[in-house]
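S.K.: let me see the structure of the following:
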Amino acid sequence: MTSIPFSLPVIDQPVIDEMMDTLTRTGWLTSGPKVRALEEEIAKFIGNPRVLCVNSWTSGAMLMMRWFNVGPGDEVIVPAYTYTATALCAMNMGATPVMVDVKDDFTIDPAKIKAAVTERTKMILPVDIGGYPCDYDAIADVLADPELRGKFRANGKRQETLGRILVLADAAHSLGATYRGRACGTIADVTVFSLHSVKNITTGEGGAIALSLPDGFDHDAEYKYLRVMSLNGQTKSAFEKNQPGAWRYDIIDQGLKVNMPDLCATVGLAQMRRYKDSLLPERKAIFKYYVDFFSRFDWAVLPPAGSADGTESSYHLFLLRVRGFDEARRDRMIQLISETGVGVNVHYIPMAMLTLFRNRGYRIKDYPHCFDLYQNEISLPIYNKLSEEKLAVICQSVADAYQETVKG
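M.R.: Numbers count the residues shown, from 1 in each chain. Below you'll find the model as predicted:
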């Protein structure tokens, strides 16, 4: 039986060579030259000069909440259809996540946002599910509504400078995506990418913050401050302190310890250098293979990939939906696929269905469209080096499992 895992990171000779360089030439493991090189590569790729690498998406989002003074008593709007980290980053800072329903493309429904805003709302976290960007212009239009702006109660200098709810894009999936011709990482006020092991570009564990603040902010000063805040508020990294005569430092604020080590950045750096010309086009080709195959079946609901306005996915996930299926039949279909040795997944169990959130009063009945998407969704493997031969096996396994399921 063929064994095809759901996800595999790119660990090839360029990655090994880069790691050997880190271990034998630089001899530096925590934040140092490889982190800076990775930041520069991501910055060049997205066209945003202010990129800060951190040790996870969650810690990056928490750092930005600390920066924007989000805490106890505040509310953060999140889509109900996302991974738990989108809400946990707010909860970990003492704020309350407010969930809203989503659209057919799995992204947050801008029409639902207005009713969720209160005087306590400080931030919204739209999520680019599967790598397909949210409708950021529609979100901006909602937040520009004079009624909503009138509700905003600033707490602190940065909130006063912005004068409205901050948009932090949960771009965990969307490094390489574009929204209306603009690269993700340049659209929202703040964007946080994930570099986790299953992402398009990985550092094992990691994340990257991209700042695109509006006029009124001293962008370079805020970027410098965030770097310090990622190191416990310390004005020099260990690498900088290790230089001859450079031992003296200061602690200027209550920061977090969320810096990325060079050991992790090395893996992502070797991948990032090939992302635009090689790794991303390969993912797109795999996505297209699935589209070409499953578009023949009226039971297959295909995920969004792009549109004529310049919006395009990063092809992180292939979120196949099975028309008319409920949870039981979807789960049966997954079991049959798994028995062939093909790894599939579900993205995601809606947060309101999880014990943590149910115990806090969230109810899935309040997010009906969210449940409709979840109950018949199956995520198919999509990663680099997935051969056409294996893709054919995956597709046939899924099609056969559907037929077996409907036969009962």
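S.K.: how near is N232 to L226?
M.R.: Taking C-beta to C-beta, to the nearest Å as the measure, N232 and L226 are separated by 13 Å. C-beta: built from backbone N, CA, C; applies to glycine.
S.K.: among those two, which residue is more densely surrounded?
M.R.: Ranked by neighbour count (other C-beta atoms under 10 Å), N232 and L226 place L226 first, with 21 against 14.
S.K.: is it true that the more buried one touches L52?
M.R.: Yes: with contact defined as C-beta atoms under 8 Å, L226 reaches L52; the gap is 5.6 Å.
S.K.: what is in contact with the two at once?
M.R.: Common neighbours of L226 and L52, counting by C-beta atoms under 8 Å, 6 or more residues apart in numbering, are I209, L211.
S.K.: now do the contacts for the closest residue in space to A401 that isn't next to it in sequence.
M.R.: Spatial nearest neighbour of A401, excluding adjacent residues (C-beta to C-beta, 6 or more residues apart in numbering): L336 at 3.8 Å. By C-beta under 8 Å, 6+ apart, the residues touching L336 are D400, A401, E404, T405.
S.K.: pull the number of nearby residues for the second one.
M.R.: Residue crowding around A401 was assessed by other C-beta under 10 Å; the count is 23.
S.K.: which other helices and strands does the helix or strand encompassing it contact?
M.R.: Here A401, judged by DSSP states H and E, is contained in helix 388-407. When contacts are defined as 3 or more C-beta pairs under 8 Å, 6 or more residues apart in numbering; DSSP states H and E, helix 388-407 packs onto helix 280-294, helix 327-338, strand 377-380.
S.K.: one more time with 7 Å
M.R.: helix 280-294, helix 327-338 (3 or more C-beta pairs under 7 Å, 6 or more residues apart in numbering; DSSP states H and E).
S.K.: so where do the strands sit in this protein?
M.R.: 51-54, 75-79, 96-100, 121-124, 166-171, 178-179, 182-183, 190-194, 207-211, 300-301, 318-322, 377-380 (DSSP state E).
S.K.: which other helices and strands contact the helix or strand bottoming out on mean pLDDT in the chain?
M.R.: Using mean pLDDT, DSSP states H and E, helix 238-241 stands out as the lowest-scoring helix or strand of the chain, at a mean of 74. Helices and strands touching helix 238-241, as assessed by 3+ C-beta pairs under 7 Å, 6+ apart, are absent.
S.K.: how far is that helix from where the chain is centred?
M.R.: Distance, stretch centre to chain centre, for helix 238-241: 30 Å (C-alpha atoms, centre = their mean, to the nearest Å).
S.K.: give me the contact list for that helix.
M.R.: Contact partners of helix 238-241, identified using C-beta atoms under 7 Å, 6 or more residues apart in numbering, comprise W28, T30, S31, G32, A246, W247, Y249.
S.K.: are any of these buried, and which?
M.R.: With burial judged by 16 or more other C-beta atoms under 10 Å, the buried subset of those is W28, T30, S31, G32.
S.K.: low-confidence ranges, the stretch 151-300 of the chain, go.
M.R.: Residue ranges of the stretch 151-300 of the chain with pLDDT under 70: 238.
S.K.: who's in contact with the residue positioned nearest the centre of the chain?
M.R.: Central residue of the chain (C-alpha atoms, centre = their mean): A172, 1.0 Å from the mean position. Listed by C-beta under 7 Å, 6+ apart, the contact partners of A172 are W57, F193, S194.
S.K.: care to break the chain down by domain?
M.R.: 13-272, 275-407 (automatic domain parsing).
S.K.: just to revisit the earlier point, closest one to D21 out of the contacts of A172, please.
M.R.: The closest of the contacts of A172 to D21 turns out to be F193 (C-beta to C-beta; 23.9 Å).
S.K.: G207 is in contact with the closest one, correct?
M.R.: Yes: F193 is within contact range of G207, at 6.1 Å (criterion: C-beta atoms under 7 Å).
S.K.: of those two, which one has the most company?
M.R.: Neighbours were tallied for F193 and for G207 using other C-beta under 10 Å; the higher tally belongs to F193 (32 against 26).
S.K.: that one bridge partners, please.
M.R.: Partner residues in beta bridges with F193, using DSSP bridges, are A171, A208.
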